[in-house]
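Colleague: Here is a sequence with its predicted model. Questions after.
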Amino acid sequence: MLNPDFPFPYDEYLSHPAGLGSVPAEMHGTEVAVIGAGLSGLVAAYELMKMGLKPVVYESSRIGGRLRAGRPDGQAGPVADLGGMRFPRSGKSFFHYADKLGIETSPFPNPLTPAAGSTVIELGGRAHYAETTADLPQFFADVSNAWDDCLEERAHFAAMQEAIRNRDLATIKRLWNELVPRFDDVSFSGYLATSKAFSALPFEYREAFGQVGFGTGGWDTNFPDSFLEILRVVYVDADADQHRIIGGAQLIPERLWEHAPGSLAYWPAGTSLSSLHGGHPRPGVTSVRRLKNDGGAPGDIAVTDRWGSVAAYPAVIATCQSWLLSARIDVDESLFSHKLWTAIERSHYMQSSKTFVVVDRPFWKDIDPETGRQVMSTTLTDRLTRGTYLLDNGPDQPALICLSYTWNDDALKWLPLDADERVRLMLHSLKQIYPTVDIASHIIGDPITVSWEDDPNFMGAFSDNLPGHYRYQERLYTHFMQASHEQRHRGIFLAGDDISWTGGWADGAVTTGLNAVWGVMNQLGGSTPTENPGPGDRFEELKPIRLP
Ligand code: FAD
């Protein structure tokens, strides 16, 4: 996911034998607070530990954050990925850690992929069964071609993909820096409607595109987004070749917590984040305040936890969703500039809801004797459920159905309903598509459901910039470069997927965690090896364009 805003090759940085950097020996053992035990916080804490620092991780909910595993109460069996569930192979920084931790993956059964086996697209009450795109009516090929054409028309699509493939950083920057001012104010739907390709076709083509979309399914709930957000996804193939994690995505943060790195400074062999913390992260943070040195100069930063314990740190990494820094945590206003506070407040979060049921076996693979087809398929529909995904765990093993995965307005429809009400409505929708299939008779245990906007530890699923938001994201992203900040604004580093350019993708949680590590290392007098410059060392060369 070589991101065009800041195309720093994090995968090369991570795999370089010289390592990510070091701090002076007198700094070894220095405590650094990390707020949040999600992927970003744990990556940051893990790398700080390897440098010989002492990360102190605070968590208000449970380890894993938005890579949360859902299980029916009290039952073993398959794990539902309530947050991230399909990880693009192009997310090489994410896979750097997945591979290190011995994580096994398999292709995610996205629509029209071999892993799905078959797909049903049901729009306007008409269902189309397909094993490959070639099985669909010509209409869908025309929609798909219009999408390809409109990307090429004004967004240098092929040239950008080639530059990304070749790691031609200068070309990536040149192409992107020209597009940012042109498209920051253009919405996704605005871009489609004004494209030659779609404007030559009746409205139904755009409508169907919104409902069926590309890669993972329909994207019309993202039509209000800045078109730059969509380009960031498709340029780097984030929506293609996605894998699921066998055993659930939560395994990654859980294993990071327990993993003892092979080489680390200062700490004895066998040290892990878990062992540094006596097995548990510290409780959630309620306040972050700047202490003053004698004479009033800015001093360390005091972090207070839920039960009133206070500890002071020379550096703090905050990885919780940034809204929480004003809405749930009492953060000293002077820690950030007003412009940064504005950027935090203007972040836009998507809502998202998922509902899973465990079923006795992957019954959808049964063959309907009349049609000779599977009785049920990965399903995209314009009904309430929108996307239904079938997750097999082996023949005759309990399996999972993600009855519905929705975003934004589609997710808000589920918000006031409890799990049973959600499932009843979802089964009703699916009955219209599969009248002869009795899904309910296969369900075992309680349904598993989530609405991320309803959880006070998150307040939303993930960020997604609206038109005109580029400047805010640029402020958030570049905040780890603090040399020119006023002294009172230094020492707290933001990370996490809403600080990245790719909200909603775990790779951005990893890479912003690495930016924060670079920032902390730099502040504590450390540096990267000359042969392996880090994100801050190459910042001037690669930095995101600044709009006036
Ligand atoms: P988080 O996981 O949010 O971690 C922050 C942590 O801070 C949380 O554990 C939270 O409890 C904690 N916290 C909050 N307040 C406090 C406090 N006061 N004190 C201490 N701790 C606090 N990515 C993909 O790559 N592929 C996908 O398919 C995908 N799908 C997704 C679908 C959904 C519905 C969602 C929600 C996310 C999805 N993502 C996906 C994104 C991926 O899950 C995230 O990028 C990643 O998990 C974010 O990690 P993070 O560490 O940045 O944030």
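Modeller: Noted; the coordinates are in hand. This is a predicted model, so every value here is computed, not measured.
Colleague: I'd guessed Pro261 sits against Leu48; true?
Modeller: No: in this structure, Pro261 is not within contact of Leu48 by Cβ atoms under 8 Å, at 11.5 Å. Heads up, the C-betas are built off the backbone N, CA and C, glycines and all.
Colleague: Mind checking which of the two has more residues around it?
Modeller: Leu48 (29 against 16; other Cβ atoms under 10 Å).
Colleague: who's in contact with the more buried one?
Modeller: By Cβ atoms under 8 Å, 6 or more residues apart in numbering, Leu48 lies in contact with Val32, Val34, Lys54, Pro55, Val517, Val520.
Colleague: Let's see which of those residues end up in helices.
Modeller: Judged by DSSP state H, the subset of those located in helices is Val517, Val520.
Colleague: Could you identify the pair within the contacts of Leu48 that is furthest apart?
Modeller: Farthest pair in the contacts of Leu48 (Cβ to Cβ) is Lys54 and Val517. Separation: 13.7 Å.
Colleague: which one of the two has more residues nearby?
Modeller: Each of Lys54 and Val517 has its neighbours counted (other Cβ under 10 Å); Val517 has more, 32 against 18.
Colleague: And the more buried one, how far from Ala115?
Modeller: 35 Å (Cβ to Cβ, to the nearest Å).
Colleague: what ranges of the stretch 51-200 of the chain fall below the confidence cut-off?
Modeller: Residues of the stretch 51-200 of the chain that meet the criterion pLDDT under 70 lie in 74-75.
Colleague: Just want the residue of it that's nearest the ligand.
Modeller: Relative to the ligand, the nearest point of the stretch 51-200 of the chain is Gly65 (2.1 Å; Cβ to the nearest ligand atom).
Colleague: Return the distance of stretch 38-55 from the chain's centre.
Modeller: Centre-to-centre, stretch 38-55 and its host chain are 19 Å apart (Cα atoms, centre = their mean, to the nearest Å).
Colleague: Domains in the chain, by residue range?
Modeller: The chain breaks down into these domains under automatic domain parsing: 10-65+248-348+463-542, 137-243.
Colleague: Can you confirm whether the last one lies near the ligand?
Modeller: No: legend: contact between domain 137-243 and the ligand by Cβ under 6 Å from any ligand atom is lacking; minimum distance shown is 6.9 Å.
Colleague: Tell me the span between the first and last residue of that domain.
Modeller: Taking Cα to Cα, to the nearest Å as the measure, domain 137-243 stretches 28 Å from start to finish.
Colleague: Would you mind measuring from the residue of the stretch 101-250 of the chain found nearest the ligand to Asp418?
Modeller: Taking Cβ to the nearest ligand atom, the ligand has its nearest neighbour within the stretch 101-250 of the chain at Gln242, 6.9 Å off. From Gln242 across to Asp418, the span is 30 Å (Cβ to Cβ).
Colleague: These two: who's more crowded?
Modeller: Each of Gln242 and Asp418 has its neighbours counted (other Cβ under 10 Å); Gln242 has more, 23 against 10.
Colleague: so can I have CSV of the contacts of Leu48 showing distance to Leu390?
Modeller: Below are these laid out as CSV (distance: Cβ to Cβ, whole Å):
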residue, distance to Leu390
Val32, 43
Val34, 37
Lys54, 45
Pro55, 40
Val517, 39
Val520, 43
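Colleague: who's in contact with Ala327?
Modeller: Taking Cβ under 8 Å, 6+ apart, we find Ala327 in contact with Met459.
Colleague: quick thing: my sequence starts at 30, can you match it?
Modeller: Got it, first residue is 30 now, which makes that one Ala356.
Colleague: quick one, phi/psi of it?
Modeller: Ala356 adopts backbone torsions of phi -90, psi -30, taken as degrees, to the nearest 10.
Colleague: got the contact list for the closest residue to Gly565 other than its chain neighbours?
Modeller: Nearest residue to Gly565 in three dimensions, chain neighbours excluded: Trp547, at 4.5 Å (Cβ to Cβ, 6 or more residues apart in numbering). By Cβ under 8 Å, 6+ apart, the contact list for Trp547 reads Leu49, Gly50, Phe509, Thr557, Gly563, Pro564, Gly565, Asp566.
Colleague: swap in Ser480?
Modeller: When contacts are counted by Cβ under 8 Å, 6+ apart, Ser480 touches Gln380, Ser381, Ser382, Ala440, Trp443, Leu444.
Colleague: of all these, which comes closest to the ligand?
Modeller: Ser381 (3.9 Å).
Colleague: Show the contacting residues for the closest one.
Modeller: Neighbours of Ser381 in contact, by Cβ under 8 Å, 6+ apart: Tyr434, Thr435, Trp436, Asn437, Ala440, Ser480, Trp481, Glu482, Ala490, Phe491.
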